[in-house]
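Student: need a structure here:
(chains A and B)
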Amino acid sequence: MQTFLQLLFSGLALGSIYALVALGFVVIYRSSQVFNFAHGEFVMLGAFLMISLVRGGVWWIVALLITMAVTGAVGMGVERTVLRPMIGRPVFVTVIVTIFVGAIMRVAINVIWGVGERGMPTPWDPTGVVELLGARVLFNSVAAILATAIVLIGFYLLFQRSRIGVGMRATASDQEVALGLGIPVGRVFGFSWFLAGSLAALAGVFLGMFPRIVDGNIWLIALVAFPAVLIGGLESPLGAVIGGFALGVVQLLAQGYINPLLGTFGNNFHQVFPYVVMIGFLMFRPYGLFGTHEVERV
Amino acid sequence: MPTKPLSVRYEDDLRLFASRWRQAGTVLLVLAVLLYPLRASSLWLTLGTEILVFIVGAVGLMILTGFTGQISLGHAAFIGIGGYSAAILGGTFGIPFWLVIPVAGILSAAVGLAIGPFALRLRGLYLAIVTLGLVFLVAHVLRSFPDLTGGLSGISVPMLWWFDGPVVSASQIELLGTPLSASIQKFYIFLVLAVLAVLFATNLRRSHTGRAMAAVRDRDVAAAVMGVDVARTKYVAFGVSSFLAGVAGAMFGWEAQFLTIDATVNLIISIEFIAIIVIGGIGTVVGAVLGAVAFVVLGQLADALLGELPLLSELSSSQRRASFQAVLVAVFLIAEPFGLYGIWLRIKFYFMAWPFRY
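Tutor: Modelled structure (predicted):
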């Protein structure tokens, strides 16, 4: 039972990071029908920038805000220069473009920061733990879950109450009608890329705390988060959050309980297990939990 | 001046080598390619062999993505299956290469057909990510049987002439004064495979199945209404594509002579094949060939030239290649969506209509 709780809490913490990453995908996909394969590179950029800022003596919380703003601005820049000319082209084409945007960003980050490992600084004791129902939970995990919760509430309010949030929802349901009603669709695109970029940066900062190491492979998180997006449904922010938390928990429970059962096949099996779950799940619900079921017309 | 004869029947339109120009061009091309390995330096011979490997793989992906419109990020998985089949069949069981080729293809096609049921339900991004998952799964399975696959340390891929027989190596025969070294023999063998793959894809495109594929790509519901068997078409596309990818994987293994899981079965390889068909021109067989040539040659040139520039010389060779590739593909997608083939068509039409603009 104690092992279970331990795995559950760690899973939730990991899941909160997946949820942030998945939410970034969904925000961009909903507004501009672009599936952003460069998302992992935004995570990477956020993590590296944060480390440099904190080492440079900026207050942790200020550094976090600057990181989120800068990464978001980079996202806006990518949208404006590369993806705006691709509006109306098939999803496939934008996917390929973002894959290569990611490749360029990765090389740029490697050139600027190098590929060596480094630790993510934390304002609290990084090895500190709290006792929770008999399980020992790292401060880092608690912080990740709390930060994600705050961001999610902020998101809900933004989507439901604010002017730009309503504009985003309108753009998601029909771009042309939204444009006709006077919603600045171009600015909505830019804003959603900004949001996604800053979410990715936040995820990068907390992801860097888990193994407490940031290196050139941190972008792979985006590939691991794909199952969360697809299980939740590509168009649904709620689905992304649920999918993200579920993914984190399932992954750690699989590591704890399924890997040992499989012998040598079980080595690192938890890393591909989410994909196995996703493939099985999509057989029964091809559009995920909350994705819109496309009505087919000829 | 020989020009294309006026097409009066449908058969005229379908002919492979319709005009005298094209026939003459084909003969010249064949001669040039046959002489190439005898005169090329060893670096360019290696690059030529690499091009042939990429042609077979790219034709496979072209059938799936270009003809049938099914986006696949899983090409590396089939390449890996082909490569490791060649390694295990050749190394452990001593099976000669001409038998390995069909077996590697069939093994890979079997996995490809297993994706079929998903392709029937999912489309677009969902399918792309399921195929991406296949890459991770295949890599995991290969890693889990280190006795067979060598695990993380990799495995060597011998290319045998006969059962337990001699490895393909230098022979006594001379051709035009050049002894046939192992790499030249490899080049000719791969050339035959590449030509077969290209002819097969060209003919497939002109056949009933090829037209069904185009219909499925353009709108699968509309195709179904017109009586195209969508399920069968998608299965055929996946089967044929992964067969060719398996063969390309075996060739890849023989060319590299040594495979590691991390370098063979990963997303980057899948993306390289996508880059090839995008650069060449999606939806045409010529595009796959042009793309493979451009990819390898430009990659090599970029590596050499960019190394001279001040800031870029600090990048590693693979980083230079990756970023050059990325810029190239982005430029093509934004400026010339039909790739090199599109540029060629524009040049051709310009001179056909010359001196008029249209």
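Student: skip the chain neighbours and tell me the closest residue to residue B:193.
Tutor: residue B:56 (5.9 Å; C-beta to C-beta, 6 or more residues apart in numbering or on different chains). All C-beta spots, glycine's among them, are computed from the backbone N, C-alpha and C.
Student: by contact count, what packs against the helix or strand containing the one you found?
Tutor: Per DSSP states H and E: residue B:56 is located in helix B:42-61. Applying 3 or more C-beta pairs under 8 Å, 6 or more residues apart in numbering or on different chains; DSSP states H and E, one finds that helix B:42-61 makes contact with helix B:20-39, helix B:75-91, helix B:182-206, helix B:230-256, helix B:267-280, helix B:285-306.
Student: and the residue of the stretch 201-350 of chain B nearest chain A?
Tutor: residue B:326 (3.7 Å; C-beta to the nearest C-beta).
Student: show the contacting residues for residue 26.
Tutor: If you meant another chain, say so; for now it's chain A. Contacts here follow C-beta atoms under 8 Å, 6 or more residues apart in numbering or on different chains; on that basis residue A:26 touches A:229, A:232, A:234-237, A:239-240.
Student: sorry, should have said chain B
Tutor: Residue B:26 makes contact with residue B:17, according to C-beta under 8 Å, 6+ apart.
Student: and if we set it to 10 Å?
Tutor: B:16-17 (C-beta atoms under 10 Å, 6 or more residues apart in numbering or on different chains).
Student: so the residue of the stretch 51-200 of chain A found nearest chain B versus residue A:83, what's the distance?
Tutor: Ranked by C-beta to the nearest C-beta, the top residue of the stretch 51-200 of chain A for proximity to chain B is residue A:100, at 3.7 Å. When C-beta to C-beta, to the nearest Å is applied, the distance between residue A:100 and residue A:83 equals 12 Å.
Student: try residue B:77
Tutor: Separation of residue B:77 from residue A:83 (C-beta to C-beta) stands at 28 Å.
Student: so where's chain A shaky on pLDDT?
Tutor: A:211-212, A:294-298 (pLDDT under 70).
Student: top helix in it by residue count?
Tutor: Counting by DSSP state H, the longest helix found in chain A is helix A:2-32.
Student: which parts of the next helix or strand after that one are buried?
Tutor: Read in the C-terminal direction, the helix or strand following helix A:2-32 is helix A:39-55, with elements assigned using DSSP H and E. Judged by neighbour count using 16 or more other C-beta atoms under 10 Å in any protein chain shown, the buried positions of helix A:39-55 are A:39-51, A:53-54.
Student: kindly report the same for stretch A:111-122.
Tutor: Along stretch A:111-122, the positions that meet the burial threshold by neighbour count (16+ other C-beta under 10 Å) are A:113, A:118, A:120-122.
Student: and which of those is nearest residue B:7?
Tutor: Among the buried residues of stretch A:111-122, residue A:113 lies closest to residue B:7 (C-beta to C-beta), at 60.0 Å.
Student: quick revisit: show me which of the buried residues of stretch A:111-122 is closest to residue B:29.
Tutor: residue A:113 (47.5 Å).
Student: gap between the closest one and residue B:326?
Tutor: Here the criterion is C-beta to C-beta. By it, residue A:113 lies 19 Å from residue B:326.
Student: which secondary structure element contains the closest residue to chain A within the stretch 1-150 of chain B?
Tutor: Evaluated by C-beta to the nearest C-beta, the stretch 1-150 of chain B has residue B:133 as its residue closest to chain A, separated by 3.7 Å. Assignment of secondary structure by DSSP H and E places residue B:133 within helix B:125-144.
Student: let me see the mean pLDDT of that helix.
Tutor: Mean pLDDT, taken over the full extent of helix B:125-144, equals 88.
Student: out of the contacts of residue A:26, grab the one that's most surrounded.
Tutor: Counting neighbours by other C-beta atoms under 10 Å in any protein chain shown, the top entry in the contacts of residue A:26 is residue A:240, with 33 neighbours.
Student: so how far is residue A:110 from it?
Tutor: With the distance defined as C-beta to C-beta, residue A:240 ends up 29 Å from residue A:110.
Student: not counting its neighbours along the chain, what's nearest residue 71?
Tutor: I'll assume chain A. For residue A:71, ignoring the flanking residues on the chain, the nearest one in space by C-beta to C-beta, 6+ apart is residue A:201 at 3.7 Å.
Student: not quite, I wanted chain B
Tutor: On the basis of C-beta to C-beta, 6+ apart, the spatially nearest residue to residue B:71 that is not a chain neighbour turns out to be residue B:128, at 4.3 Å.
Student: ok, back up a step: between the helices and strands packed on helix B:42-61, which gets nearest to residue A:160?
Tutor: In this view, the helices and strands packed on helix B:42-61 are compared for proximity to residue A:160 by C-beta to C-beta, and helix B:267-280 is the closest at 37.0 Å.
Student: go through that closest one and flag the buried ones.
Tutor: For helix B:267-280, the buried set under the neighbour-count rule, 16+ other C-beta under 10 Å, comprises B:267, B:269-280.
Student: extract the C-alpha trace of stretch B:32-45 and format it as CSV.
Tutor: What follows is the C-alpha trace of stretch B:32-45 in CSV, where atoms were taken according to Å, rounded to 0.1, in the frame of the first residue of the first chain:
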residue,chain,number,x,y,z
ALA,B,32,26.3,6.9,-67.0
VAL,B,33,25.1,4.9,-64.0
LEU,B,34,26.7,1.7,-65.2
LEU,B,35,30.0,3.4,-65.7
TYR,B,36,29.8,5.5,-62.5
PRO,B,37,31.3,3.0,-60.0
LEU,B,38,34.2,2.2,-62.3
ARG,B,39,35.3,5.8,-62.4
ALA,B,40,34.2,7.3,-59.1
SER,B,41,36.5,7.8,-56.1
SER,B,42,35.8,5.6,-53.1
LEU,B,43,34.0,8.5,-51.2
TRP,B,44,31.6,9.1,-54.2
LEU,B,45,31.1,5.4,-54.7
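Student: so for that stretch, mean pLDDT?
Tutor: 85.
Student: in that stretch, what's buried?
Tutor: B:33, B:37-38, B:40, B:45.
Student: returning to that earlier point: next, count neighbours for the residue nearest to residue B:193.
Tutor: A count of nearby residues for residue B:56, using other C-beta under 10 Å, gives 28.
Student: ok, and the closest non-adjacent residue to residue A:63?
Tutor: Once flanking residues are discounted, residue A:63 sits nearest to residue A:53: 3.8 Å by C-beta to C-beta, 6+ apart.
Student: thinking again about what came up before, out of the buried residues of stretch A:111-122, list just those in strands.
Tutor: If you go by DSSP state E, these have nothing in strands.
Student: those into a markdown table, with extra columns for distance to residue B:63?
Tutor: Compiled in a markdown table, the buried residues of stretch A:111-122 are given as follows (distance: C-beta to C-beta, whole Å):
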| residue | distance to residue B:63 |
| --- | --- |
| A:113 | 41 |
| A:118 | 45 |
| A:120 | 46 |
| A:121 | 51 |
| A:122 | 52 |
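Student: just the residues you listed now: which is nearest residue A:276?
Tutor: Ranking these by separation from residue A:276, with C-beta to C-beta as the measure, puts residue A:120 on top at 30.3 Å.
Student: got the contact list for the closest one?
Tutor: A:47-48, A:50-51, A:54, A:126, A:140, A:204-214.
Student: those in strands, which ones?
Tutor: Under the assignment DSSP E, the contacts of residue A:120 contribute nothing to strands.
Student: just the buried subset of these, please.
Tutor: For the contacts of residue A:120, a neighbour count by 16+ other C-beta under 10 Å gives the buried set as A:47-48, A:50-51, A:54, A:140, A:204-210, A:214.
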